[in-house]
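> Curious how this folds, go ahead:
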Amino acid sequence: MWMRTLGSVGILVSVLSVLPMSSSAQESSERLAKQALEECNRGRLAMDRATRLAHFQQGQSLGERAVAANEGSADAHFALFCNLGELLRIDGESLTSLFGLRRMMKEIDRTLELDPTHIGARSAKGTLLVRLPSVLGGDSEQGERLLQQVIKQAPEAVNARLALAKVRCKHGHHHEAVTLATDALALAKEYKQIEFVPEAEAVLQQARATAR
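Numbers count the residues shown, from 1 in each chain. Sure, this is the predicted structure:
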């Protein structure tokens, strides 16, 4: 009798283990991912380092919980990537941790593995490819192509325009950089992506100064 009961319990556990994730767990992951991305955006807007750090660390924690709740959520991995990336460059664009870079890349690659059409992730991957040296996986040409594809597929993409503007400015195409940065600033204001406004203004100012 007990053996039959235990066997039934074992079968039930096996069946439950392969059932789709409950809607409540999915909703929890979506909520946590959204909160994590909001923390990332708040951190970008914060003026002092301590506040930025607090937002990004909270965002990382929320992102990790979102991934734990639903490992198959592209948005959860992207939200975690956002905060990991901002923590890496909190003191500037210089690389502060090779381990942190690898973890960040793992999250962006997992996002694209789950959703190859994820515009935010495609834009971020393109940005990384043009910024990183080849020894760390960078590929400027591939990154530029990816950023151009993002702009074509999502005309409202702000970050992709900013990344491409920096590349164009670096390569001496200053007037094209001005156009890209001008469009990025206008779109950031139009779509209320205020976290990108300060960067867009800075890139535009630099592009205009070098275009003279």
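> tell me the mean pLDDT for the biggest helix by length in the chain?
The residue-count maximum for a helix in the chain (DSSP state H) belongs to helix 23-45. When the per-residue pLDDT values of helix 23-45 are averaged, the result is 91.
> Who are the packing partners of that helix?
With contacts defined as 3 or more C-beta pairs under 8 Å, 6 or more residues apart in numbering; DSSP states H and E, helix 23-45 has these neighbours: helix 49-69, helix 74-88. Quick note: C-beta positions are derived from backbone N, CA and C, even for glycine.
> deepest of these, which one?
Of all these, helix 74-88 has the most neighbours on average by mean count of other C-beta atoms under 10 Å, namely a mean of 25.
> so what's the most centrally placed residue in the chain up against?
Centrality entry for the chain: nearest residue to the mean C-alpha point is Cys82, 4.0 Å, by C-alpha atoms, centre = their mean. By C-beta atoms under 8 Å, 6 or more residues apart in numbering, the residues touching Cys82 are Ala36, Leu37, Cys40, Gly59, Gly63, Ala124.
> How about Val67?
Shown in contact with Val67 (C-beta under 8 Å, 6+ apart): Ser29, Ser73, Ala76, His77, Leu80.
> now this structure, which segments are flagged as low pLDDT?
1-23, 93-96 (pLDDT under 70).
> run the last query once more with 50
Low-confidence segments of the chain, defined by pLDDT under 50, span residues 1-20.
> OK, contacts around Leu112?
For Leu112, the contact set (C-beta under 8 Å, 6+ apart) comprises Ala74, His118, Ala121, Arg122, Lys125.
> hmm, try it at 7 Å
If you count contacts by C-beta atoms under 7 Å, 6 or more residues apart in numbering, Leu112 has them with His118, Ala121, Arg122, Lys125.
> Scan those and report the most crowded one.
Ala121 (26 neighbours; other C-beta atoms under 10 Å).
> how about the nearest residue to it, chain neighbours excluded?
Nearest-residue entry for Ala121: Thr111, 4.2 Å, with adjacent residues in sequence omitted and distances by C-beta to C-beta, 6 or more residues apart in numbering.
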